[in-house]
Structures are given as structure tokens and as C-alpha cells.
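Colleague: Sequence and predicted structure are below.
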Amino acid sequence: MKKPVFRLPCELFCQIFHRVVHDYVHLIPNPVAERQGRLRPLVYNNSPADPTILAQVCSSWREVAVAFRPLWCTTFIKHPSKYHVHRTHLWLERSNGFPLSLTLISQGNINATWKIMTMLLERSRVWREIDFRLPNAVIPAFSEACQIADTCEMLRSVRYRSQIEEEYDYFASENGGDMHELDGVKFVARTLEEIKPYFDDIWSFFYSSPKLLHVAWEWCYNGNVFPRNTPFRDLASVQIGFGLAVNTMLDVLACLPKLKVFSGKVLQENASLPPQVSLHQPYCLPLTLRRLRSLELKSGTRAVASLMEGLMLPALTDLLLVYDQEEDESQPSEDAESIQQLLQRSQCRLEALSITHHKMKDEEALRYITIPELGYLSWLCLVGTFSKEIVAALSAKNPDGSPVLLPHLTLLSLHRIYGIEDGLLATLLRSRQPTLTKCSLMTDSRYGPLDDAYMMAHMELWIWEPHSHVLGLSVVCVRKVQNWLGGFRADRDKD
């Protein structure tokens, strides 16, 4: 008699595979996935899983897996080679018109890159999400192909990048010279300045989608900060990878009435600025963005505070601040008052707060977490240099047993804690039960026996394995927390 698991329908396994693989993002590099990724498409970066695994179980599983289109709709290709071309064609055929989420990251193999891009362009009408990073040599041909390609009427999200660095040496080593020809199309290594004139045509193709909601611009484009004919009024999510002065940033935000999620870098007033934005949307200060729920800002403290002073965000729930350690000469707590004033002015209820500032110590962190308007905060991530003072403050309890500070926290992340006494971390987590469901605590040394015993007994709390608290994993830990927050946003936005 078959085991119960083998009596389940194959379709159910396909659904489980689709949900688990697509909902989980691996952050720690996976050597197996990196090696296999050179030979075949994957679903996500550093993930060795792909739907051919199900097709290899048995003939009945293969029949169902091949016919289950959602399994084949997400394709991740990094550094394409000749081995990717046939497999990519296979995935696209099996997706059979299902909306596609595509990632193609290429540095210089023109032959494989262009063959794959040609296949993708043939299916542009079912693009849903695209993330392309292409060699500069491909851009002129890509621009020309976009002008004659089918529509991209289902496209909702675009991230498009070219090479910033010089690519001549790499191009020659990958393609056997400074010029490569494929199917009558000539490809020549080019600098970023040489390909800027082609950006407008490429982005105009992306902008032709009536469903476009999310764009990510990595740097300044030709002549203007943004590509021509940008549909500002329709965008709900925007990421800007280059810096803008405070006034310019406000000008951009004023043109985004439907904005829900924004990420950008604010320059100091004395920083060198890119060309000014040619936008003429009148507005009054403070600028009110009624739909903005998530705001991520990167820069020095003074610039962030200046921008927040010009905003009113009644729907704000997530605030993420990342301070540039090299550029910022101010103290990390200078904007605590600006945050409080923003929350008071907006009358919003913040749910998630993430602050990364390597100069931040206990005193500055306490100024943030004691802001009265943060009483309903459920997610807190602080990256700085902490000691037992911040741990004690977060462990303090009222006579009725409830936490004194931030009683509704469900996720707590502190990086890094120095000189902590054994048992204090266990006390902190115990004081937050049962509300706290996820945590991430990085220390400068291994946990003592009391803390270690508690961590091992409560593995369900950890975002990653509790023994991975060494300093070298700080970037991984922060990215992990941000992805938990990203998943939280996605689930909330579906409602």
C-alpha cells in the first residue's frame, strides 16, 4: 500500500513547490546554486531549486509539472552561457502565455545574452515583472528591437540597468575581440556615455504598458534625471538609486499622487547635483502624500531631517532610514525630533521602523524608541553599537507585566550588542512574550550558557539560526530582516 504522501495528487505538490520556492529568498551564498546557475535557469538568486526537480520524480509527476504553467513563469538567469539558451526556451514554452517574472543579469557573453533577449522580446506581451542588467554592447540592438517588438501590455514592474564600469577588457575576453557579430547584428563594447542616447527609446517601450506600477531607476539618464515621458501620475512604487537634493526630491514626490512605496537617496545641500528635473507640478509645503505607506531614505542625517520637515504622510506605516557612514558627520539622533514631528503632523500610526547608523549608541537609540508616537510599533530594527543599556530599557516591565516601551513589538532586531552579560538577552526575550514572534540579536561574542540555552529552546523566534550571530553576518542579518518586512508589506498590500 502506498504511503499517504504518495496518495496526494501531483497538482498539490506543484502548488506547494510554487508557494515555497517563490516565497523564500536565500540570502547566504549557495555554492551549489552558483555552480548550477551557470548551466540552467533558476527561480531565484542562490536557490538551487527549479521546477525540473518535480518533472524528474516519475512520469505522472512530469506530466503534471510540465502542464502547470505557474511553475515556469519565474526565470532567473545570471551570467548566461550557451547552456542557458535551450533551457530558457523550454521554460518559456512551458509557461505557455502565463504572465512572466524575468531576471537577466549579464556581464559580457553577447552570444547567449542576445539569443535569450530575443526569446524574451518575442513574449513581451506577457511580461509581468522584469529585472534586466545588460552589457552596454547590447543596448543599441535592444533599443532598436524595442521599437519593433510586440506590446508589453501586462508589465507591472521594471528594473533596468546597464554596466556603469568600463567593459572593454571584459568584452574582449568573453567574445574574442572588440567587436562581435551575431545574426547580422554587430555588437561593440561601449561606455555608459555612449549608450545614454538609447535609454529613452527603451524606457518608452516599458512605459507603453497601461498597468505599469513599479519602476526602479538606478542612475541619471541622458539629458534629464528621468527618461522621457515617464508616467509619474500612474506609479505606485518608485525606487531611485541616484541622489537628489531635498528640493528636487520634493518636486519628484509632488508628481506621484498614487505613490504607496518610495525608496530614494537624499543628497546634502552642498553635494554635486545631477541635472534638475523638468517637472512643473505646483505644491505647497508640507507636501501631502495621502497614499504613501512605506518610505525608505538613504543619506546623511541633516538631509533626511530636511526632507521629512517638508512632508505630511497620513498613511505612513513603514519608515526605513539608512545613513551613509562616510558622508555623514552629524550625530545619529539629530533627526529623532524630525521623526516625531513628522508623525505628529501626519497623525499616522507607524508599524515598522528600521534605522541603520553605525555611530548610533544606546543614548541615541533610546531617543528613537521613547518617541510617544511609536506606541503601536510592531517591527523595530536598529543597527549601531549597543550595550546592555538598550537591552535593559527594552526589558523593563510595568507592574501589570506589560513592557514599558513598545508593547506591541512582534519583530525585534538589534545589531550589534557589545559586552552583554549572560542571561540579559534571555530576560529581554522572556519579557516580550507572547507578543514577540521573531527576533535577530547580534553580539560581539558567543552567547553565554544561560542565553544559549534559551535560544536553543526557542528556535521558532529566530529569523536565522541563533548561532550565526558573529559580526561578519551583519549585512546578511539586516537584509534578512528587510525581507521579512518586505513579505509583510506584500501580504498587507494584497488585502
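Modeller: Arrived safely, thanks for sending. Residues are numbered from 1 along each chain as shown.

Colleague: Show the residue spans covered by the strands in the stretch 151-300 of the chain.
Modeller: Counting by DSSP state E, counting those that start in this stretch, residue ranges of the strands within the stretch 151-300 of the chain are 157-162, 179-182, 185-188, 214-217, 237-244, 261-266, 287-288, 294-299.

Colleague: Touching the last one from outside, list them.
Modeller: Translated: strand 294-299. 243, 260-268, 304, 307, 313, 316-324, 327-328, 489 (Cβ atoms under 8 Å, 6 or more residues apart in numbering). For the C-beta atoms, the positions are set from N, CA and C on the backbone; glycine is no exception.

Colleague: With only the CA atoms kept, save the helix or strand following that strand in CSV.
Modeller: Heading C-terminal from strand 294-299, the first helix or strand you meet, by DSSP states H and E, is helix 301-309. Extracted in CSV, the C-alpha atoms of helix 301-309 (Å, rounded to 0.1, in the frame of the first residue of the first chain):
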residue,chain,number,x,y,z
THR,A,301,21.1,62.9,8.9
ARG,A,302,20.7,66.6,8.0
ALA,A,303,19.4,65.8,4.6
VAL,A,304,16.9,63.2,5.8
ALA,A,305,15.6,65.6,8.5
SER,A,306,15.2,68.4,6.0
LEU,A,307,13.1,66.2,3.7
MET,A,308,10.9,64.9,6.5
GLU,A,309,10.2,68.5,7.5
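
Colleague: got the angle for helix 301-309 vs strand 237-244?
Modeller: On the basis of axes from the mean of the first three to the mean of the last three Cα atoms, to 10 degrees, helix 301-309 is oriented at 130 degrees to strand 237-244.

Colleague: any idea of the angle helix 301-309 forms with strand 294-299?
Modeller: Going by the same axes, to 10 degrees, helix 301-309 makes 150 degrees with strand 294-299.

Colleague: just checking, what packs against helix 301-309?
Modeller: Applying 3 or more Cβ pairs under 8 Å, 6 or more residues apart in numbering; DSSP states H and E, we find helix 301-309 packed against helix 246-254, strand 261-266, strand 318-323, helix 336-346.

Colleague: pLDDT averaged over that helix, what's the number?
Modeller: Mean per-residue pLDDT for helix 301-309: 86.

Colleague: that older thread, export the helices and strands packed on helix 301-309 to TSV and append columns for distance to residue 207.
Modeller: Below are the helices and strands packed on helix 301-309 laid out as TSV (distance: least, Cβ to Cβ, whole Å):
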stretch	distance to residue 207
helix 246-254	16
strand 261-266	19
strand 318-323	27
helix 336-346	31
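
Colleague: averaging pLDDT over each of the strands of the stretch 151-300 of the chain, which comes out lowest?
Modeller: strand 179-182 has the lowest average pLDDT among these, namely a mean of 64.

Colleague: about what we covered before: for the helices and strands packed on helix 301-309, which one sits closest to residue 442?
Modeller: strand 318-323 (16.9 Å; Cβ to Cβ).

Colleague: so what does the host helix or strand of residue 91 touch, helix or strand wise?
Modeller: For residue 91, the host element (DSSP H and E) is helix 82-95. Other helices and strands packing on helix 82-95, by 3+ Cβ pairs under 8 Å, 6+ apart, are strand 74-78, helix 110-121.

Colleague: just checking, next helix/strand downstream of the longest one?
Modeller: Next in sequence after helix 110-121, counting helices and strands by DSSP H and E, comes strand 127-134.

Colleague: List the buried residues in the next helix or strand after that next one.
Modeller: Sequence order places helix 139-148 as the next helix or strand after strand 127-134, per DSSP H and E. Across helix 139-148, burial judged by 16 or more other Cβ atoms under 10 Å covers 139, 140, 141, 142, 143, 145, 146.

Colleague: tell me the angle of helix 139-148 relative to strand 157-162?
Modeller: 150 degrees.

Colleague: now for helix 139-148, which elements pack on it?
Modeller: Using 3+ Cβ pairs under 8 Å, 6+ apart: helix 139-148 touches helix 110-121, helix 199-207.

Colleague: mind redoing it with 10 Å?
Modeller: helix 110-121, strand 127-134, strand 157-162, strand 185-188, helix 192-195, helix 199-207 (3 or more Cβ pairs under 10 Å, 6 or more residues apart in numbering; DSSP states H and E).
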